[in-house]
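Show me how the following folds:
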Amino acid sequence: MATLRFNFGTMGSGKSTFALQIHHNLSNRQLYGLLLTTLDREGHQVTSRLGVAAPAIEVSPDVDLYRLAADSWPLHYIVCDEVQFYTRAQCEQLARVVDDLDVDVFAFGLLTDFRGELFDGTKRMLELADEHTPLQVEARCWCGARATHNARVVNGGVVYEGDTVVVGDTHDSDAQPLFGDSVHYELLCRNHFRNGDLGA
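From the prediction side, this is the model:
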C-alpha cells in the first residue's frame, strides 16, 4: 500500500540530501521514479549544500502532478523537494497519486516561512500526509540553541513583512540582489528570531 510521507525541517537540516538519497537508493533497485523540485537555487535539479545534485523536473504552479504521474506510468515513486512552494491543489494531486495510482510519495519541505508562519504547501501536506517526520539533523542558531526559524535578512536586518517567496541563500556573501537589496537567510532560535538578533 502506497504512502504519502512529509519530511520537514529548517534550512540546513538535510532535506535535499535526504531526498537525493531516497531517489538514489530506489532507482538503484531498478524502480522507476520522478524527482521533482521547485525554485531550487540551481534550477532544474535538486542540489544539496554538501555538493551532491541530480536532474529534476521543475514544478511550476500550473503543473498537474497527478497527470504527470499518470503520463509517466509505470511509476513506483515520486520524490518532491521544496514542497512548501507547491500549491494546495498540487498537494492534493500528490495524495491522489498515492491513493489512485498506488505510488509512494516522499515530500520534503520547510515548515514555516520567514514570518514564522506555515507555507500553504506545508499546511496542506500536514493535513493530507499519512506520515509527518521532522528531520533528525538539527540546525543551530548562532547561540548554539536549536534553530527553529528561517529568518530573512535584508540589508543586514531581520524583516517580518514582504513577499512569501524570495529566493536567497544562507550566506551573506552569496546574497542575490533584489532591487538593490542584499537578501539572505539566517537560521535562528525562536528567541533570537523574535528579537531580530543576528548575534555578533
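
Strands along this structure, start to end?
For the chain, the strands defined by DSSP state E cover 4-8, 33-37, 45-47, 53-55, 57-58, 77-80, 104-109, 131-134, 149-154, 157-159, 176-178, 181-188.

Mind putting those into a markdown table with mean neighbour count?
Bear in mind the C-beta positions are built from the backbone N, C-alpha and C, glycine included. Shown next, in a markdown table, are the strands of the chain (neighbours: other CB atoms under 10 Å):
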| stretch | mean neighbour count |
| --- | --- |
| strand 4-8 | 23 |
| strand 33-37 | 23 |
| strand 45-47 | 21 |
| strand 53-55 | 14 |
| strand 57-58 | 16 |
| strand 77-80 | 25 |
| strand 104-109 | 25 |
| strand 131-134 | 12 |
| strand 149-154 | 22 |
| strand 157-159 | 15 |
| strand 176-178 | 12 |
| strand 181-188 | 20 |
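
between those strands, which gets nearest to Glu92?
Among those, the nearest to Glu92 by CB to CB is strand 4-8 (10.6 Å).

What is that closest one packed up against?
helix 15-27, helix 88-101, strand 104-109, helix 120-128, strand 131-134 (3 or more CB pairs under 8 Å, 6 or more residues apart in numbering; DSSP states H and E).
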